[in-house]
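A.B. asks: Here is my input, please return the structure:
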Amino acid sequence: MNIKQAKQEIENTLRAYLTRDELGNYLIPAVRQRPILLMGPPGIGKTQIMEQIAAQMGVGLVAYTITHHTRQSAVGLPFIEHRTYGGQEVAVTEYTMSEILASVWRLMERTGRKEGILFLDEINCVSETLAPMMLQFLQCKTFGNQPLPPGWLIVAAGNPPEYNRSVRDFDVVTLDRVKRIDVEEDFSVWKEYARDKGLHGAVISYLDIRKEDFYRIETTADGLQFATARGWEDLSELLYAYEKLGLSATREVVGQYIQLPRIAKDFANYLELYDKYRRIYHVEDILQGTWQTVTLRELQSAPFDQRLSVMGMLLSRLRESAKAARMQDVLTVRLHETLLELKATLPGRTCAETLPAMILGRQQAMARAEEAGSLDRESRELCQRELAALEDYSSRLIREDIPDADAFDAIKEWFAPQVEKRAALAEETGRRMDNTFRFLEECFGDSQEMVIFVTEITAGKDTSWFVEHFGCEAYFRHNKALLFDDTRRRLREEIAAAKDFSVDPV
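C.D. replies: Numbers count the residues shown, from 1 in each chain. The predicted model follows:
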């Protein structure tokens, strides 16, 4: 299955394991809660989906790369305990708590999250001395004589032997006690993730054209050479940083992430073309609705892959704009809810007393979520922006010496620019989307390029959110036509199928 299907299956498994009966007992007894063994090639997102699941389900996450551990750190150190058996005192070997299990308990105490995921990466690459203990852990959920707390799902990940020479095969006894999920790379699923994460437009548009370069591992005379999903995502982060710093990503820089020279060279060349297209076609002018006739003619006569690249640039900028509008909308709603919460405490307490306590509570909640591993990048940014606004309100009350009677009205006045900013970002995004549709209609009409563009708008998390909340007349018009065409084509296929299976009347 692909990584998206694997993520859903792990979520379903966790829900099943955490479901309790009417007496409060787990519906599936702990002894029947099999660990998940997630097997797949390196760099396809196994670790990332653990973070996403923990964040979405509000559970804790403790993650370890098990190859970094020795037998002692994973299992614990032995010590001698004296006990009496049958009237005779004997020395018995016991173990201190494993560092891994201690991390689970520590997270539970600090965050208050009693259920979660223990993720052990590279499980089939452990050392010879640690291997028996890891197999015991998968089978019995104990290290030494220390059990994993109830309510915690073990997810162990590994690479098949064709990707790693040091892997160990699991025996039937172990495999019969785990829930094995095999994952394969899938560009279409990864592209959906890449759009939502806002990966660099050059990466997405290049792989749209060269899908076969998304994930490749080749054995050559120079050793293993590879391009992986992890490599493309990390390269995307670097490209954004380099653009901000005014630096260029050379072929050598690309090759540090995409370690298959042929693909690295091809993408580096494409990156140069991408920057060239951005200058030639004046993407910002298109978004602002000020394009020149020559721009239309050049794109109309351009090869198809060049057209896709330009559309990729436009889509990338629209996604950025739509995301900014969505993030501001969420921030505005959260701050408004905070103001309502603050108002509810009045007149019993003053704003100057209540606001710092609310800020502290949010800081502590953010720290707990961060430690639990359930705070993704976007959520962290929203928390930080909310805290920055609240801290600004609190400091201005003191700095401007606002009387208690006027404090809430002052905060409402300071909050107003957030509402105005939300409206401005929505208006700007709507204008950019309208301009882009007008440009593409003039350039391509109702061609396959327009079909691709509308499909990408629909599939993008931020662009589809924007259309749903603020509308776009051109999108609805083209999407309606596409739906009509799909319905007509499906009916034709059903009629053809009925004819194929028809029989002569008796």
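A.B. asks: Next, count neighbours for residue 32.
C.D. replies: Neighbour count for residue 32, taken as other Cβ atoms under 10 Å: 9. Every C-beta, even on glycine, is put in place using the N, C-alpha and C of the backbone.
A.B. asks: helix/strand/coil for the residue nearest the centre of the chain?
C.D. replies: In the chain, the residue lying closest to the centroid (Cα atoms, centre = their mean) is residue 52, at 5.7 Å. Under DSSP: H, G, I helix; E, B strand; the rest coil, residue 52 falls in the helix class.
A.B. asks: isn't it right up against residue 4?
C.D. replies: No: using Cβ atoms under 8 Å, residue 52 is not in contact with residue 4; the gap is 10.3 Å.
A.B. asks: picking that back up, roughly how far apart are the residue nearest to the centre of the chain and residue 375?
C.D. replies: For residue 52, the distance to residue 375 equals 12 Å [Cβ to Cβ, to the nearest Å].
A.B. asks: now residue 415
C.D. replies: Distance, residue 415 to residue 375, by Cβ to Cβ: 25 Å.
A.B. asks: More neighbours: those two, which one.
C.D. replies: Between residue 415 and residue 375, residue 375 has the larger neighbour count (other Cβ under 10 Å), namely 20 against 16.
A.B. asks: Check what pLDDT the spatially closest residue to the more buried one that is not a sequence neighbour gets.
C.D. replies: Spatial nearest neighbour of residue 375, chain neighbours left out: residue 369 (4.1 Å); criterion: Cβ to Cβ, 6 or more residues apart in numbering. Per-residue pLDDT puts residue 369 at 83.
A.B. asks: Contact partners for residue 369?
C.D. replies: Residues near residue 369 by Cβ atoms under 8 Å, 6 or more residues apart in numbering: 111, 375, 379.
A.B. asks: Show me which of those residues has the smallest pLDDT value.
C.D. replies: Lowest pLDDT of these: residue 375, 77.
A.B. asks: did I read that right, it in a strand?
C.D. replies: No: counting by three-state DSSP, residue 375 falls outside a strand, being coil.
A.B. asks: pretty sure it contacts residue 366?
C.D. replies: Yes: the criterion here is Cβ under 8 Å, and residue 375 meets it with residue 366 at 6.9 Å.
A.B. asks: Mind listing the shared neighbours of the two?
C.D. replies: Contacts common to residue 375 and residue 366, judged by Cβ under 8 Å, 6+ apart, are residue 383.
A.B. asks: Can you point out the buried residues in the helix or strand harbouring the residue nearest to residue 375?
C.D. replies: Using DSSP states H and E, residue 369 falls within helix 351-372. Buried positions in helix 351-372, judged by neighbour count with 16 or more other Cβ atoms under 10 Å: 351, 354-356, 358-359, 362, 366, 368-369, 371-372.
A.B. asks: Same question for stretch 227-234.
C.D. replies: For stretch 227-234, by 16+ other Cβ under 10 Å, it's 227-233.
A.B. asks: and if you look at stretch 403-423?
C.D. replies: Going by 16+ other Cβ under 10 Å, stretch 403-423 has these buried residues: 407-408, 410-411, 415, 418, 421-422.
A.B. asks: which residue sits closest to residue 143, ignoring its sequence neighbours?
C.D. replies: Once flanking residues are discounted, residue 143 sits nearest to residue 98: 3.9 Å by Cβ to Cβ, 6+ apart.
A.B. asks: cool, residue 257 as well?
C.D. replies: Using Cβ to Cβ, 6+ apart and skipping the chain neighbours, the partner closest in space to residue 257 is residue 235 (4.0 Å).
A.B. asks: could you say what helices and strands the helix or strand containing residue 202 packs with?
C.D. replies: Using DSSP H and E, the element containing residue 202 is helix 201-209. If contacts are counted by 3 or more Cβ pairs under 8 Å, 6 or more residues apart in numbering; DSSP states H and E, helix 201-209 sits against helix 187-197, helix 229-245, helix 261-280, helix 304-344.
A.B. asks: Much appreciated, bye for now.
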